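>>> Sequence and predicted structure, then a few things I'm wondering about:
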2 protein chains.
Amino acid sequence: MSLPVSPLAPAQFPTLPAISGVRFATANSGMRYKGRDDLLLAVFPEGTSVAGVFTKNSMPGEPVVWGRKILSKGTARALVVNSGIANVFTGAAGTETVLQTARTAAELVGGLPEEVYVASTGVIGNKVPTEYITNTLPGMMDGLDEGNAEAAAKAILTTDTFAKGATATCKIGDQTVTLSGFAKGSGMIAPDMATMLAFLFTDANIPSAILQQLLAETNEKSFNCVTVDSDTSTSDTALLFATNTAGNTAPSSATDPALDGFRAALLEIMQDLAIQIAKDGEGASKFITVNVTGAESDTSAKVIALAIANSPLVKTAIAGEDANWGRVVMAVGKSGEKADRDNLRLEICGVLIAEKGAPFAGYKEEQITDHMKGQDITIDVDVAVGTGTSTAWTCDLTHGYIEINADYRS
Amino acid sequence: MSLPVSPLAPAQFPTLPAISGVRFATANSGMRYKGRDDLLLAVFPEGTSVAGVFTKNSMPGEPVVWGRKILSKGTARALVVNSGIANVFTGAAGTETVLQTARTAAELVGGLPEEVYVASTGVIGNKVPTEYITNTLPGMMDGLDEGNAEAAAKAILTTDTFAKGATATCKIGDQTVTLSGFAKGSGMIAPDMATMLAFLFTDANIPSAILQQLLAETNEKSFNCVTVDSDTSTSDTALLFATNTAGNTAPSSATDPALDGFRAALLEIMQDLAIQIAKDGEGASKFITVNVTGAESDTSAKVIALAIANSPLVKTAIAGEDANWGRVVMAVGKSGEKADRDNLRLEICGVLIAEKGAPFAGYKEEQITDHMKGQDITIDVDVAVGTGTSTAWTCDLTHGYIEINADYRS
């Protein structure tokens, strides 16, 4: 099944600047896909720090189990990603695949197997034929190139309809550093598992413990704010590699003010990638931003924002260009979080619809009809119990979603 | 939009036996629907006990607020239900509608306004034009009849495609008692709110405090086990009325062994109605039963069962007749409940697919192909950490769901 490119796709893939010593090669392993590369090898210079966050799903894939295990070492020399088969729920064979992949890559690039990160995305419950990876990797060494980022971003896709990249620069002290990254994710594609993967690279000099704090904190405000269909993948992985080559003075802690610009730049590219994932959500025809204010806490605001963003009822109404705002009220109420019905305030696309627990007297549906026909829909809800705020990004729920997920094999 | 009757509908509405003194009348109020009755008046004899359970949504409709308030009184003389407008998020005007409805009905049938239960289902955020109810009620008194249960079951529907009834008899001591009831619910229909309403009647002699315990307990194993799309309505209400006319000796407590038969009969009709709601889920083409065993507790098992039953990924795969079992594993993992990946056991339609954390060696997909083409799909998962069990009922997610919810107004 060839999917049309999402109408919400950006005009083009951004030019990702080279990060000194971060080299990429891609190849077709022959494992599953034909006519496209499905294997990525990324190589990092000695001394590269690494941070990672992984799925909270309790049925994690073997690459996730491996990544969690080696993360405490804090250094990375290589990353191997295959698309097509996810290596999840594969028992001892799956563990062996990861080990052999890590050993092979370590022999090729130098370093230890515990410095090789692995990610897989695709069908769950199928064994990865390990030799397709280990036999292909040696031939990829000659192709390693700092300028290969776009090919790398493409090789990790499954049924995404466009490659997703982002970049930024910032200063740490007087030193300019560069960040860039790419991600994949589109929801759930039969017969594949949903998988959100993101790989981020920087030349900044930041120790792994600090890098980990920055990534975990930023992840809460970016990838953990995006949803397509509420189904948490077994393979979600975001990794941040820092080559430490930029020459900046190493920060003393995650709260070092010298990191303010880096933190902002990291958040910028992670939010950019998260939004691109929502815009490539299965069947997406509209991009939806949900802003919640006035909640008991930021955490509570996030639960409410995701309850709205995950509601099939809200998402189908938006697909139908119907400003059925009662469904937003319902979703706030089902979240289980504290909210004051009688002081609730709701705007859609900037139009005030309800306040003080009842429809706003001046609201007329024709005010919003044109907004609903657009591609960008914003929902602002104030739940009137505190100062907590949060934002979630998602897409609408259309026939395209059903076609992709139910009709794939027919 | 006229919807085709669900392919999962029962062959016919069951014959509901009269319960002495429980009389029904229906009428068209003119409020919204044409060519069908949209108003139900049910009248109960003096001395009728009542129990009720309501939505947990924190944005409840005014009829729910009213019902919660009067429940402690424990007696009921009438029930008034309108379909078409839900009286939710309507502020002070909504409160006034409920009060005037209760007062009018109490004057007509005797008793106090606090003995009149009210329910509304339909559009959220629209004010109910109270006079359509209060002006219609007096003319309905002459039509009150014990044999009108099917007409009553039809008057409360919104976009359900069939009326849902169930009945049972049992003994309390030597005395035979009768239970019957009807329900509505189909998920969420644009531009209406989802609303699950259920009304149950018995001639048994059971004090309201005991009746309440029985209803709350049984509700957990019936209506609280059914989901169409995970969106919790603002109007969900189940009421159980006992006329106390059957002549049985009143039970001493909810754990009185004399109630064993009644408890079982109540569970039977409530589960029957819950299953009928799943079978009338929007766009349903298949009925899905999810059985979870081996959980840490029954509560944990229920969370896991509902995570599977609410997964768009699982539901679209079943719509596509695809035994994509990896999605069930994913849903178990995303539930957040304790589960042992490496000892998980999974059967679909009785066919063993996975055990001990990996695909079962003897499983071949052709074993299950014919099962997946059928209308009844069963998923059995053992999560291997304890003895907790639960069952959830749902339907698949099809193009019909999108059509009903997004395309309604086009």
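Perfect, thanks for sending it.

>>> tell me the domain boundaries of chain A?
Per automatic domain parsing, the domain ranges recorded for chain A read A:23-279, A:287-406.

>>> now the first one: how far from the chain's centre is it?
Right, domain A:23-279. Computed by CA atoms, centre = their mean, to the nearest Å, the chain-centroid distance of domain A:23-279 equals 10 Å.

>>> tell me the average confidence for that domain?
Averaging pLDDT along domain A:23-279 gives 89.

>>> Ends of it, what's the gap?
Domain A:23-279 has an end-to-end distance of 28 Å (criterion: CA to CA, to the nearest Å).

>>> With stretch A:39-53 instead?
22 Å.

>>> Could you do stretch A:154-165 as well?
Terminal residues of stretch A:154-165 lie 10 Å apart, using CA to CA.

>>> one step back: with distance to chain B and mean neighbour count as new columns, can the domains of chain A be given to me in CSV?
For glycine as for every other residue, the C-beta is placed from the backbone atoms N, C-alpha and C. Converted to CSV, the domains of chain A look like this (distance: least, CB to the nearest CB, whole Å; neighbours: other CB atoms under 10 Å in any protein chain shown):
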stretch, distance to chain B, mean neighbour count
domain A:23-279, 3, 21
domain A:287-406, 3, 21
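
>>> TSV for those, including distance to B:T26?
Formatted as TSV, the domains of chain A follow (distance: least, CB to CB, whole Å):
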stretch	distance to B:T26
domain A:23-279	39
domain A:287-406	26
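
>>> Which one, of those domains, ends up nearest to B:Q212?
domain A:287-406 (23.2 Å; CB to CB).

>>> if I look at A:A358, how far off is B:F89?
Per CB to CB, to the nearest Å, A:A358 is found 7 Å from B:F89.

>>> Next: A:T202.
48 Å.

>>> and if you look at A:E321?
In this view, A:E321 and B:F89 are 22 Å apart by CB to CB.

>>> Repeat that for A:D272.
36 Å.

>>> Show the contacting residues for A:A339.
Contacts for A:A339 (CB atoms under 8 Å, 6 or more residues apart in numbering or on different chains) come out as A:295, A:304, A:332-333, A:383-385, B:58-59.

>>> quick one: which of those residues sit in helices?
The helices, defined by DSSP state H, take in A:304, A:332-333 from the contacts of A:A339.

>>> Output these in a markdown table, with pLDDT appended to each entry.
Output for the ones in helices among the contacts of A:A339, formatted as a markdown table (pLDDT from 0 to 100):
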| residue | pLDDT |
| --- | --- |
| A:I304 | 94 |
| A:V332 | 91 |
| A:G333 | 86 |
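
>>> From A:E365, how far off is A:H371?
According to CB to CB, A:H371 stands 11 Å off from A:E365.

>>> intersection of neighbour lists for these two?
Common neighbours of A:H371 and A:E365 (criterion: CB under 8 Å, 6+ apart): A:A323.

>>> What's the end-to-end length of stretch A:123-140?
End-to-end for stretch A:123-140, by CA to CA: 24 Å.

>>> With stretch A:273-288 instead?
One end of stretch A:273-288 to the other measures 15 Å (CA to CA).

>>> likewise stretch A:276-293?
For stretch A:276-293, the separation between the terminal residues is 24 Å (CA to CA).

>>> And that stretch, how far out from the chain middle?
On the basis of CA atoms, centre = their mean, stretch A:276-293 sits 13 Å off its chain's mean C-alpha point.

>>> Against A:S208, how distant is the closest residue to A:T75 other than its chain neighbours?
Among residues not flanking A:T75 along the chain, A:E115 sits closest, at 5.5 Å (CB to CB, 6 or more residues apart in numbering or on different chains). According to CB to CB, A:E115 stands 11 Å off from A:S208.

>>> so what sits against both of the two?
Listed contacts common to A:E115 and A:S208 are A:T75; contacts here mean CB under 8 Å, 6+ apart.

>>> which SS state does the residue of chain A most remote from its centre fall under?
Within chain A, A:A361 marks the point farthest from the mean C-alpha position, 40.7 Å out by CA atoms, centre = their mean. Classification of A:A361 by DSSP: H, G, I helix; E, B strand; the rest coil places it in coil.

>>> doesn't A:T26 fall inside a helix?
No - with three-state DSSP as the criterion, A:T26 is strand rather than part of a helix.

>>> That one reaches A:K154, doesn't it?
Yes - contact criterion CB atoms under 8 Å: A:T26 and A:K154 qualify, at 7.4 Å.

>>> shared neighbours of those two, anything?
By CB under 8 Å, 6+ apart, the residues touching both A:T26 and A:K154 are A:D37.

>>> quick one: contacts of the helix or strand containing A:I133?
Taking DSSP states H and E as the criterion, A:I133 maps to helix A:130-134. Helix A:130-134 is contacted from outside by A:29-31, A:39, A:80, A:82, A:96-97, A:100-101, A:104, using CB under 8 Å, 6+ apart.

>>> coming back round to it: in contact with the residue nearest to A:T75, which residues?
Counting by CB under 8 Å, 6+ apart, A:E115 touches A:70, A:73, A:75-78, A:106.

>>> Likewise for A:T237?
A:52-55, A:63-64, A:67, A:119, A:196-198.

>>> do that again at 6 Å, thanks
Contact analysis of A:T237 by CB atoms under 6 Å, 6 or more residues apart in numbering or on different chains lists A:54, A:119, A:197.

>>> Please, which helix or strand holds the nearest residue to the second one once chain neighbours are set aside?
Okay, so that is A:A119. Leaving aside its sequence neighbours, A:A119 sits nearest to A:V81 (CB to CB, 6+ apart; 4.5 Å). Secondary structure from DSSP H and E places A:V81 in strand A:78-85.

>>> Quick check: next helix or strand after that strand?
As assigned by DSSP H and E, the chain's next helix or strand after strand A:78-85 is helix A:91-109.

>>> what's in contact with that next one?
Helix A:91-109 is contacted by residues A:43, A:62-63, A:66, A:77-78, A:80, A:87, A:112-113, A:116, A:118, A:127-128, A:130, A:133-134, A:137, A:141, B:357-358 when judged by CB under 6 Å, 6+ apart.

>>> What is the most widely separated pair among the contacts of A:A339?
Maximum distance among those (CB to CB): 14.5 Å, for A:A295 and B:M59.

>>> hang on, the earlier thing: so who does the residue nearest to A:A119 touch?
The contact partners of A:V81, by CB under 6 Å, 6+ apart, come to A:40, A:119, A:156.

>>> repeat that for 7 Å
A:40, A:119, A:156, A:197 (CB atoms under 7 Å, 6 or more residues apart in numbering or on different chains).

>>> coming back round to it: between the contacts of helix A:130-134, which is nearest A:T169?
A:T169 lies nearest to A:V80 out of those, by CB to CB, at 27.9 Å.

>>> is the closest one in a bridge, and if so with what?
Going by DSSP bridges, A:V80 is paired in beta bridges with A:L41, A:V118.
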